[in-house]
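1. With the sequence up front, the predicted model follows.
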Amino acid sequence: MKQITVFSQLIMIVGCIYASLIQNQQTFKNNEFSTESPRISVAVIGAGSAGASTVYYLNSYSKLFDVTVFEASDRIGGRAHAIKVPVNNSFVTIEMGASIIAQTNTHLLNATLALGLQNVSSDWNELIPDGVDPESIDGGIGIWNGEKFVFIQKPGKGWMDRWVSNVKLLWRYGFLNGPVKAMKLVDAPVQKYLKLYDKMNSGAIYSSVSSIVNAVDLWDTLGISAYTFFREVNKISEAFVREFIGGVTIVTYSQEVDEIVSLGAMISMYSANTALFKVKGGNSRLFEEMITSAKPTVLLNSRVDSVNRVVSSSNRTTYLLTTNGVTQEFDVVVIAAPLTGSINFDNVDTSVIEPISYINLHVTVVVGSLSSTYFNLPVDKIPHTIMVPSYNRTSPFTSFSIYHSANGTQVVKIFSLQKMKKASLSQIFTEIQFLRRVVWDKPGPYPYLNVKGKEWKGQIEIADGLYYVNAMEGFLSTMETESVAGRNVANLILKRY
């Protein structure tokens, strides 16, 4: 694999739905239970990263939990979902949802290794799909304003090409107030965040997300937008903030730098400096194996309709869950999916559950032949990563990634806020051999990461034995941070018993 400098590595942001920050080695606590202890029934609602991690850690800690997983869809994986795409008489695997796992994501990396799954490393874009020759990927990044490229950077193959590319980057965005200074600004908050792992490894557990923010002293990054932090406070060049950081935040969270909280932009920028991997065959395989290894009862196509809290005369709390007309009783309920109003609660104080809004996203994969006229470039000169950093755009897409190009055929993944119309696709492609669409809504792939004040709590422990893992998404939203949240909830359950 070719080496990529700090500046060139920024291109790896594309598709970074779920990029994260962790780099400390994770350790597990071994909790001792009497073999004669009564069995504890646990319902986990949701089978994505949060749910799978909760199940996985509970099983790692003790075998005395009887776990039932309720999943509304027909598959395990949540927002990690890969498809097989035909190309050149073969197939490649392309992630349609959560795409990136960093080598520093110790929870997911350790689970991948422990479960014997194969991970595939990459240093370009959001990872080379299974079946694609890395040498066919030339890389490069372009910032597109809907009419023309305002900046193109090609990494090249030798040190001279890379040197010229970096000088070009600095010339446009500033030697003193551009990429170098911006990346330095990101480091201090990241180092604060990494302290969370030391604290959890030492036994710390958290009943609210605000207590996590307090523990790592990150309120200052939640109380200010990315634009205010980078441009107004730290004087990073307007062009770099708007075009590059703005392009990154649009790709990763579909939010403008004016809207997104500064920590969200920092996560995206920091992930550019870490090695990436994916699980061979699709990232959802990791969550499938995390759940399967724990041997719970798994109920697919089972949307939970209601949760009823019951307190007995002896002051024992249990929960009645109803799904598909069937009601079951549990000692513990873990909500490991976004709460978007689909569950009715009875005898539960829902005022402590703070709403999280999610962004809808359209993902379109095309195998076909690109037109040279749409981008006004020969096809072999079109950057393989294209960002569109402004909502005031004429472009129908927010990002455009070329995964493979050979024999006049390209494999392309497109992100857009609206459905890509046939008219737009016919302008971009001269021929379409394969087309697949996925719409992420109800909920969307990631939340609005908005500025928050210290009154925000992000309650995780809703009531005795009732937990909301996805409250973490009000703070950070990645596959790894959801896994961290699942581990934290497993520890909360252990504390209760």
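-> Nice, thanks for sending it over. The structure displayed is predicted, hence computed values, not measured ones.

2. What mean pLDDT does stretch 150-157 get?
-> Per-region confidence: stretch 150-157 scores 78 on mean pLDDT.

3. brain fart, stretch 250-258
-> Stretch 250-258 comes out at a mean pLDDT of 90.

4. quick one: strands adjacent to the longest strand along the chain?
-> Criterion DSSP state E: the longest strand present in the chain is strand 429-440. Applying DSSP bridges to the sheet, strand 429-440 is found paired with strand 361-370 (antiparallel).

5. The partner strand: what's the following helix or strand?
-> strand 385-387 (DSSP states H and E).

6. Please tell me how far Glu259 sits from Gly458.
-> Relative to Gly458, Glu259 is positioned 19 Å away (criterion: CB to CB, to the nearest Å). For every residue, glycine as well, the C-beta is placed using N, CA and C.

7. In three-state terms, label Val411 for me.
-> strand (DSSP: H, G, I helix; E, B strand; the rest coil).

8. Please apply the same query to Phe229.
-> helix.

9. looking at it, it is touching Ser262, isn't it?
-> Yes - counting by CB atoms under 8 Å, Phe229 does reach Ser262; the two are 3.8 Å apart.

10. list the residues that contact both of those two?
-> Residues touching both Phe229 and Ser262 by CB atoms under 8 Å, 6 or more residues apart in numbering: Thr221.

11. Compare these two and say which is more crowded by neighbours.
-> Ser262 (27 against 24; other CB atoms under 10 Å).

12. The more buried one and Leu449, how far apart?
-> 9 Å.

13. now Val241
-> 17 Å.

14. Around Ser424, count how many other residues there are.
-> 18.

15. residues of the longest helix along the chain that come out buried?
-> Longest helix in the chain, counting residues (DSSP state H): helix 179-201. Within helix 179-201, the residues scored as buried using 16 or more other CB atoms under 10 Å are 179-183, 185-186, 189-190, 192-193, 196-197, 200.

16. could I get the residues you listed as CSV with distance to Phe375 and pLDDT?
-> Below are the buried residues of helix 179-201 laid out as CSV (distance: CB to CB, whole Å; pLDDT from 0 to 100):
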residue, distance to Phe375, pLDDT
Pro179, 24, 91
Val180, 29, 91
Lys181, 31, 94
Ala182, 27, 93
Met183, 28, 91
Leu185, 32, 94
Val186, 30, 92
Pro189, 36, 92
Val190, 35, 86
Lys192, 41, 91
Tyr193, 38, 89
Leu196, 42, 93
Tyr197, 43, 91
Met200, 46, 94
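
17. Specify which member of these is nearest to Val411.
-> Relative to Val411, the closest of the buried residues of helix 179-201 is Pro179; by CB to CB it sits at 29.4 Å.

18. Can you give me the neighbour number for the closest residue to Tyr468 other than its chain neighbours?
-> Excluding its sequence neighbours, the residue lying closest to Tyr468 (CB to CB, 6 or more residues apart in numbering) is Ile335, at 4.8 Å. A count of neighbours around Ile335, defined by other CB under 10 Å, yields 28.

19. what's the spacing between Ile335 and Lys280?
-> 31 Å.

20. And the helices in the chain?
-> Taking DSSP H as the criterion, the chain carries its helices at 49-61, 106-114, 159-173, 179-201, 209-216, 219-222, 226-227, 238-239, 246-253, 262-270, 284-294, 422-428, 479-496.
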